[in-house]
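S.K.: Need the 3D shape of this:
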Amino acid sequence: MLRGLNKLLTWEIILSVLINYNIITMKNNKISLEEARDLLRYFREKNDRKRDECWIIYEQVALASLDCQRFDIFNKCLSQLKEKFELDSQRVARLYAMYFEVSESEDGLSMANNVLDKIPDVDDANSQVKKRKIAILKAQGETSKAISELNKFLKDYMHDQESWMELCDLYIQDQDYVKAAFCCEELFLHNPHNHIFYQRFAEIKALYGLLLTCSQVISSPKCTALKKKDYLKIITWGKIELTKMYEEKVPKISDTYLKSLSVHIAST
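M.R.: Below you'll find the predicted structure:
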């Protein structure tokens with residue numbers, strides 16, 4: 001813990017240590033509510049004039065506790081934040097909505113959406129609220145609506161790389177590979193030195209293009225039975241590789257996806 005820290009530490013250093021400690025440790029589920037309280041108590045006692053900074057720690061602990069499903073810790077943090085700021089704070093309201101999102105309640109997503117709808121759309125800070133609404137649409141399986149809303153969002157926040165990547169994944173899920181590749185091209189403009197964007201673009205172009213090409217060759221009357229067998233092996237490999245690419249982004253990917261992919265290829 002931080003009880004033995006040198007008394008000469010500045011509040012900026014302590015704040016940085018606390019935030020990073022909570023994010024990293026809480027996400028590995030190695031910190032208890034009592035330990036979090038110790039950290040916050042130490043910070044508040046150490047910095048009388050900067051006491052309000054401790055609320056950043058409460059927020060970070062709350063977010064981390066959601067990641068590791070420690071709702072007991074989350075509720076304690078949210079209770080403190082609500083007592084200080086009430087639900088008039090956009091950040092507190094977002095935390096409240098995120099709790100409903102991850103809850104097992106059948107109407108959790110609807111409740112989260114209701115909370116977000118009450119947040120006024122007054123400034124750029126509301127971009128996080130819009131992102132949460134898009135995330136809810138995605139969780140509800142409303143892929144088309146999520147794509148539509150994300151496109152609207154990107155008209156106002158064109159430099160949001162995370163949103164371009166998310167839109168790319170949604171297009172992949174919707175099997176619209178041309179538009180998915182376009183999203184990668186947008187990412188090139190924003191960050192031309194990120195090799196991950198180029199890798200994603202190459203995989204989309206190369207693997208899907210390979211499937212289409214092999215499908216066209218097989219349909220040709222000039223293709224011999226032996227070559228058809230070889231091309232079918234390539235198609236099978238391509239499907240497997242595409243599935244591997246997307247299963248992390250689309251956890252529910254299954255044989256249904258492969259069947260729909262085969263139908264899409266056959267129709268082109």
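
S.K.: This structure: helices as residue ranges?
M.R.: For the chain, the helices defined by DSSP state H occupy 11-27, 33-46, 54-67, 71-85, 90-102, 108-117, 127-139, 143-156, 161-173, 177-190, 195-219, 225-247, 255-266.

S.K.: So which elements touch the longest one?
M.R.: Helix 195-219 is packed against helix 177-190, helix 225-247, helix 255-266, with contacts defined by 3 or more Cβ pairs under 8 Å, 6 or more residues apart in numbering; DSSP states H and E. Where you see a C-beta, it was placed from the backbone N, CA and C, and this is true even at glycine.

S.K.: for the record, mean pLDDT for the shortest one?
M.R.: Across helix 255-266, the average pLDDT comes to 48.

S.K.: is it true that Ile147 touches Tyr171?
M.R.: Yes - contact criterion Cβ atoms under 8 Å: Ile147 and Tyr171 qualify, at 7.0 Å.

S.K.: Kindly state the neighbouring-residue count (a burial measure) for Pro192.
M.R.: Counted with other Cβ atoms under 10 Å, the neighbours of Pro192 add up to 9.

S.K.: So, low pLDDT: which residues of the stretch 151-268 of the chain?
M.R.: The stretch 151-268 of the chain contains residues with pLDDT under 70 at 209-213, 216-217, 235, 238-268.

S.K.: where's the closest residue in space to Tyr198 that isn't next to it in sequence relative to Asp107, distance?
M.R.: With sequence-adjacent residues excluded and distances taken as Cβ to Cβ, 6 or more residues apart in numbering, Tyr198 is closest to Phe188, at 7.3 Å. Going from Phe188 to Asp107 by Cβ to Cβ, to the nearest Å gives 41 Å.

S.K.: And for Asn191?
M.R.: 39 Å.

S.K.: And for Glu149?
M.R.: Glu149 is 21 Å from Asp107, by Cβ to Cβ.
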